[in-house]
Every structure is written in C-alpha cells, then in structure tokens.
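K.L.:
I would like the atomic coordinates for the input below:
(chains A and B)
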Amino acid sequence: MIHIGLIHYLIVSSILFCLGIFGVITRKNAIMVLMGIELILNSANINFVAFARYGNFGNSGQLTALFVIILAAAEAAIAMAIVLNIYKMFSTINVDEIDTLKD
Amino acid sequence: MTESVLIKIALVTLFLPLIGFIVTLLFGKRIKWLYWFENSILIITFLLAFVLAYFKLAYFTDQTIISEFQWINLGNVPILKTFTIELGIMLDNITVLMIFVVTLVSLVVHLFSVDYMKGDKRYNRYFAYLGIFTFSMLGIVLTDNLLMIYIFWELVGISSYLLIGFWYEKKTASNAAKKAFLVNRIGDIGMFLGILILFTTYNTFSFDKIFYQVSIGNLPFGTELGLTIAGILLFCGAIGKSAQFPLHVWLPDAMEGPTPVSALIHAATMVAAGVYFMIRIFPILSGDALLVIATIGAISAFIPATIAVTQNDIKKVLAYSTISQLGYMIMAIGVGAYTFAFFHLITHAFFKAALFLGSGSVIHSMHHEQDMRKMGGLRKKMPLTYVTFLIASLALSGIPLTSGFLSKDGILAGTFAFGSLTGNWWFAASGFLVAFLTAFYMFRAIILTFHGKPKNKEKYEHAKESSFLMAMPLVVLSLLSLFFWYSLNPFNPEGGKLLSSWVKPPEISVPQNARYDFMKTETEKVNEANLTEEITYSPAYTNALRTAHYPTLFTSASLALLGILFAFLIYQWKFIDPDELANKFKPAYKLSFNKWYFDEIYYATFVAGTLALSRAIAFFDNKFVDGIVNGSAFVTVKLSAFTGKFDSIVVDGFVNMTAYLSGLTGLFFRRFQTGKVQSYLMFVIFSIIILLYIFK
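P.N.:
Prediction:
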C-alpha cells in the first residue's frame, strides 16, 4: 500500500488542470468552455487544500478553497448570463463563430 | 526799434510766403479766390521788407546783426571733434537791400500774373509756387551760414523746376524743367564739395567764423591753393545757378515757363542768387579764384551777347541778355568791383523784370506769339508797354540818365582799373564789346516788335493795351530803372547813399600773398597818399578807379549809342539789309544763330557720352549681370529638378518602403488576431510555458 502524499494530490490537480485547459481550448460550445474553467478552478482548489494539509499555513488554504468555490458559483451565474446574451446577439454559442473581437 | 525786433521782422518776412504757399497749395483747388490770399501775403511781406530795410539802413547802417541758435549737436565726432550745426539770420546792408528787391519784384510779378495767367486750370497752384519761390529766395538772402544757403539754394532750384515745367503738358516745357534741374545739379555738386571743405577745415558753416579763421591764417589743407580750390568749388554753384558758361544752356530753355516766372526767377532774382553768393563769400576768395571767376564772367558776358543778336524769339533775346548781364556781375566780382557787382544786381533786377513783364504783356496781347518777325507796329496799340519797355531797354543798354548806365559804368570802370593795374585788358575789352552788342540787340528787339509795319495783320488787330494790373508793374519797374533812385548825379554811381554809405567793399580775409597785388593792405602808403576820399583796397586801386571813371563813361555811352544807331540803320531805316549782312558773314551768323552749337556740342559729348556709357553698362547688365542671374536661376532649376527626383525616388521610396514593411509585418501579425478567445488563450498558455522555461 503506497502512502498517499502531497505529490499525488498535485498530480491529480495537474491532470485536472490540463483537462480543464484542454476543455477550454478545444470545446466549441461556450457551456463546455465554462465547464473547463470550473475544472481549472477545482484543480486550483485541490492545490490549496493539499498545501494547507501538508504545509504549515494554518487554515488559510481551506478558507481560500471555500472562497474560490463561492467565487466559482458567482462566476458561473454571471458567465451563464453572458452566454445567454451572446446567444441573443449571435444566435449561437459556438465560440469559433464569435470572432468579432478581431475587427 | 532794437536789433531783436529787426530779427523778428526778418523772420516773419521769411516765413509769411511759406504760409502763403502751404495754404494756397492745400486749399487752392476748392477755394477759387485763394490767389488773393497769396497776393495779400506778398503785399505784407513787401511792406515788412521795406520797414526792415528802412530801419536797418537808417539806424544800424554800419552794424551787422546776427542771430544764431544751435540746431543740431552731435557731440564728439571723430575728426571734427565737436559737431554742432548752427542756423541763423544775418542782417547787413546787402541783405536788407536784397530782401527789398526780391519782395518788390516778387510782388509786382504776383500782381502781373493775376491777369496774365487768368483762365489757367492750375491758377492757384501757380501762385503757391511763386510763394515757395519767394520763401526760398528770402532764405538764401537772410541766412548767415553756408548750410542754410545750400538748403535754400536747392529749394530755389526745385521751385524753379516746378515753375519752368508749370505747363508740363508741353513736352518742351517738361524737358526744359528737367534740363534746368540737372544742369544746376552739376554746379551744386561743386558747391557742396566747397562747403564740405570749409566745414571740415573750420568745423563751422557760419560766414563770420570762417572769415575770421581765414583772416588769422588758418587755411584749408594749410595752403593758399586749398583756399583757391574751395573758392572755385563754391563758384561752381554760382556757375550753375547764375547760368554762367559752361552751364548757361539751361536758362534759354527755361523760357518755356510762364513769362512772369521768367521775369521773377530767370531774370531778376534767382539767377542773381549766384552773384549774391559770390558777394557773400567775397572775403575768402583768393586772387587766383577771382581770376578764374572774372574769366568765366567775361566769357559768359560775351558769348550770349553774340547769340542774342540773331535770335528771333523775344524771350530768347532777353534770356541771352540775362546770361550776358550776369556774366558782367560775375566779371565785376572777379576784378574786385564788389560794390558795382551788387549795384548792377539791383538795377538789373528791376529793368530786366520790366523787360520780361513787358514782353509778357506783348505776348499776352498777341495771343502767345513770341516770334518777333511776326510782330511789329505795336507801338500804337500798346503805348504804355512800349514806353516802359523802351526805358528798361535804355537802362539795359547803359544810356545815361538810367540806372543801368550807372551800374554798368561802374563795372566797366572796375575792369578798366583792373586792366591798368594788372595788364589784363581783355576783361575791359570784352566788357565794352558786350556793351555795344547789348544796345544793338535790345534795339533790334524793340524795332522788330514795336516799330515798322505789323507783319501779322490779324493778330495785330486783336492786340490791345494790357489791363491795369499788368501795366502797373511795368510802370513801377521802369520808374525804378531811372537814375535818381540810386544816385542824384546821373554820371557818378557814388552820388547816392547806396554806394557811398550803404554798400562798401568788405574786409578781405585772404592772406596777403594770396590776394591780387592791388588788394594788399599797405598801411604806410595809405598814410602817404593822404587821399581825401575813402580808400578801396589800396590807394593804387582807388586812383586807378578814379582815372578809369571818365574814359569808361564816354566809351561805354558812345558804344551803346553806336549800337542803337546800327540797330536803327539796319532794322528801322533799312540802309543795310539784315539778310544780306547775314549772308556776307554766313559762318559768324550761323554760329550765333545756332547758339554757338553749345546744345549740339553738349549733346554730342555729355549726353551722347552718358547714353553710350549707359548703353555699355546696360550691355554689361544684360549680358553679365543678367547672365549671372540667369545662370544661377538655371543652376537652381536643375538643382531643384534633381532634388525633386531625389525626393520622389529616394525619400519617398524610403517612406513608402517603411510603410510597406509595416504593412507586411502587420499582415503577418494579423494572423494572430483571430478574434477567437480560445486561440488567444492558447497563445497565453504557450507564452507562459515559454516564460516558465526561460525564468525557471
């Protein structure tokens, strides 16, 4: 039985982060992009909690993680509203087609 | 009546005509009667001049009143040290007599012009010009220094120019005005140089101080030659203004002006300014300078007299006679007959003005006909003009009982005395010859104009005696041509106050060894001679003058009568046919008729020379200067074309290339600007990875 240490948490969070990035970059659907962002945030949360557990920072890691969860919820709400407005404007939520930023 | 009051009167006399000029010139166009303003100003001026002359001569006979003020102070100037210029007024007997003559002649000319110029379209302006002339002439007379004399000299020149060219629509008139002005300028250059020589030497313009400096032996350039040169240079001004040989050519042409102007300016006053100037600077004229002056005067007396004999234009005859008489005065100064020069200046002013106004009266009644061959018989139509003209002619010819006889006799006696003292007899010879010629041509003019049968019936019928305003000046002037105003003894010029107590030879300032021999002061001889009368210069001269008196008196009177007799023989009684005579002496006649070819000679030499020089300079200008200018223009054009090319190819190319390169880079980088959030994110991530790799 191998001992679960800090490094394993970090590996999991890195995988999660990479999946999040991958999702954000490759998905065409804006909702899926948002979900990728959630994954990235959660990977960061794992890091916070892991460092809080194995380091001597007190409870600040856990608290920051809680804070990020709350922030993510708010962000999701706002992002959903933005996506709705984007849909209203472009009649699509495919991020590939929304490239007016170029002009 | 104190001296300062006299100075104030003199100042008012001087500036009144200027006021008349300004007012008449400014408002003359709108206010038609303004010429009476100018005329009344002249009347006041004349009265003031009379008062001035009376009080000066009666109460301050032997005094010279000078009033000076500092005009400019330039402080310390290199070479000259203190540089101050004073202006001032000097009143001596000569001045007040001159003022009287100038204002009187000016006044009668003003009055004469009222009718003579009637109907002229620039009527008031004419009177304004007469006003500025009177002002400047009074300025010349009143001043006490060389600078002011030069200023007023030029003012007189410009007013003469304006009046000669008064009818400037006539080409001949405007040309004559230009000629007079330019010829005068030649003389004035010399005069100005003379003034500058005296100023740099003595650091003052004032006559008195210069005379004093000369008399204590302080000479220009330290030699007598310097004084002679200065004197001759100053005389150049008089040559120009008094129309002396070789600058006399302007005066006959100046007759293009209105006839009263000829009377005032080109006969009586302005041309006498040169003589007046010589009288003023007489004390510093050295013997050599005087000899030059006498020579020029003798030539100027003789040549125009011979020309006047054959002229047909009545005004031309008078013009040449004026030059001849001015030559007399200049010659008189040259031979030391100072008082007689001034005396002749006064008498000549009156009778020559009378002659000119008389000719004006004739010309006016003949409807501007000046050719004497077309006149004749006017005696019956214009008796008053005839009589006055006759009296003035007698005076000019030097017939006893006239003023001209007295003054001319004085001058001839002076030349005679000069001849007997120095052996230079040809001044006297020229003087007597001219006296004969003068009588001849004046009576030729009278006979052609007033005697015989009328040659132009139509004009003769219309001729009539002039109006009161035109006749009155003639009467006044011809009365002044009689002897008793000047000397109660008709055969002795010194029989009156004028020459016996008012006008006397001045003290000579020139150093003894630079004078004529007879002007040297010889105190012992004066005491030895024990003469009862006053000494002029030296006992020898006084004696010579007294000895010369009677011979000259008889010779000149008989020569004049002989001249008149010849005139009557040829033109009145026709014993000798003038045309035959002219044919017999063809070369002499032609020489005289063509005025000794002076105009032609000057045209061939100076005018043509100037033109040739101008052409040469114009050629140089066209070919070389313009060549340089055009060449530089050509080079500039080529250079501009080159720089233009350089600009459009190299500079613009550089700019365009920069723009093109930026466009190219932009084209490359614009690929990254996809507008897609995901690709931006990719770039961010890759960049972070690269940065992490670099700063690990």
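K.L.:
only C-alpha atoms for contact and neighbour calcs from this point on.
P.N.:
Noted.
K.L.:
and the helices in chain A?
P.N.:
With DSSP state H as the criterion, chain A has helices at A:6-26, A:30-54, A:60-90.
K.L.:
which helices and strands sit right next to the longest one?
P.N.:
Meaning helix A:60-90. helix A:30-54 (3 or more CA pairs under 8 Å, 6 or more residues apart in numbering or on different chains; DSSP states H and E).
K.L.:
what sits up against the helix it packs on?
P.N.:
With CA atoms under 8 Å, 6 or more residues apart in numbering or on different chains as the test, helix A:30-54 has contacts from A:6, A:9-10, A:12-14, A:16-25, A:27, A:58-62, A:64-65, A:68-69, A:72, A:76, A:79-80, A:83, A:93-95.
K.L.:
tell me where the stretch 101-250 of chain B has helices.
P.N.:
Along the stretch 101-250 of chain B, counting by DSSP state H, counting those that start in this stretch, helices occupy B:123-142, B:146-164, B:171-202, B:207-215, B:224-241, B:250-253.
K.L.:
and the residue nearest the centre of chain B?
P.N.:
Closest residue to the average C-alpha location of chain B: B:Lys241 at 2.9 Å, with CA atoms, centre = their mean.
K.L.:
thinking that one is in contact with B:Asn184, fair?
P.N.:
Yes. Counting by CA atoms under 8 Å, B:Lys241 does reach B:Asn184; the two are 6.0 Å apart.
K.L.:
so, low pLDDT: which residues of the chain?
P.N.:
I went with chain A, as the question did not name one. Within chain A, the stretches with pLDDT under 70 are A:1, A:103.
K.L.:
you looked at the wrong chain, it should be chain B
P.N.:
Applying pLDDT under 70 to chain B picks out residues B:1, B:522-535.
K.L.:
could you tell me which residues of it lie near chain A?
P.N.:
Taking CA under 8 Å from any CA of the partner chain, the part of chain B that reaches chain A is made up of B:Gln673, B:Thr674, B:Gly675, B:Lys676, B:Val677, B:Gln678, B:Ser679, B:Leu681, B:Met682.
K.L.:
any idea how far B:Leu225 lies from chain A?
P.N.:
103 Å (CA to the nearest CA, to the nearest Å).
K.L.:
cool, B:Pro551 as well?
P.N.:
Separation of B:Pro551 from chain A (CA to the nearest CA): 129 Å.
K.L.:
list the buried residues in the host helix or strand of that residue.
P.N.:
Following DSSP states H and E, the helix or strand that holds B:Pro551 is helix B:539-567. Neighbour-count burial for helix B:539-567 flags B:539-545, B:548-549, B:552-553, B:555-564, B:566-567 (criterion: 16 or more other CA atoms under 10 Å in any protein chain shown).
K.L.:
just stretch B:82-89 next, same as before
P.N.:
Those buried within stretch B:82-89 under the rule 16+ other CA under 10 Å are B:Phe83, B:Thr84, B:Ile85, B:Glu86, B:Leu87, B:Gly88, B:Ile89.
K.L.:
now stretch B:595-609
P.N.:
Neighbour-count burial for stretch B:595-609 [16+ other CA under 10 Å]: B:Lys595, B:Trp596, B:Phe598.
K.L.:
and it, end to end?
P.N.:
From its first residue to its last, stretch B:595-609 covers 21 Å (CA to CA, to the nearest Å).
K.L.:
now do stretch B:115-132
P.N.:
OK, stretch B:115-132 end separation, CA to CA: 20 Å.
K.L.:
list the buried ones in that stretch?
P.N.:
Buried residues in stretch B:115-132 (16+ other CA under 10 Å): B:115-117, B:123-132.
K.L.:
how about stretch B:381-391?
P.N.:
Across stretch B:381-391, burial judged by 16+ other CA under 10 Å covers B:Lys381, B:Met382, B:Leu384, B:Thr385, B:Tyr386, B:Val387, B:Thr388, B:Phe389, B:Leu390, B:Ile391.
K.L.:
which one of the residues you listed is nearest B:Val637?
P.N.:
B:Phe389 (74.7 Å; CA to CA).
K.L.:
wait, the closest one touches B:Gly360, no?
P.N.:
No. B:Phe389 is not in contact with B:Gly360 according to CA under 8 Å; the separation is 10.8 Å.
K.L.:
which two from the buried residues of stretch B:82-89 end up farthest apart in space?
P.N.:
B:Phe83 and B:Ile89 (20.0 Å).
K.L.:
ok, residues contacting stretch B:336-346?
P.N.:
Contacts of stretch B:336-346 (CA under 8 Å, 6+ apart): B:98, B:101, B:272, B:275-276, B:279, B:282, B:290, B:326, B:328-330, B:332-333, B:404, B:407-408, B:410-411, B:414-415, B:418, B:499, B:503-505.
K.L.:
could you redo the last one with a cut-off of 6 Å?
P.N.:
B:Met329, B:Ala332, B:Ser407, B:Gly410, B:Ile411, B:Gly414 (CA atoms under 6 Å, 6 or more residues apart in numbering or on different chains).
K.L.:
export the residues you listed as TSV, with columns for neighbour count.
P.N.:
Listed next are those as TSV, based on neighbours: other CA atoms under 10 Å in any protein chain shown:
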residue	neighbour count
B:Met329	35
B:Ala332	33
B:Ser407	30
B:Gly410	28
B:Ile411	30
B:Gly414	32
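K.L.:
residue contacts, B:Gln673?
P.N.:
B:Gln673 sits in contact with A:Lys102, where contact means CA under 6 Å, 6+ apart.
K.L.:
any idea how far it is from B:Trp426?
P.N.:
In terms of CA to CA, B:Gln673 sits 119 Å off from B:Trp426.
K.L.:
for B:Glu494, which non-adjacent residue is spatially closest?
P.N.:
In space, and not counting its chain neighbours, B:Glu494 is closest to B:Ser500: 5.3 Å by CA to CA, 6 or more residues apart in numbering or on different chains.
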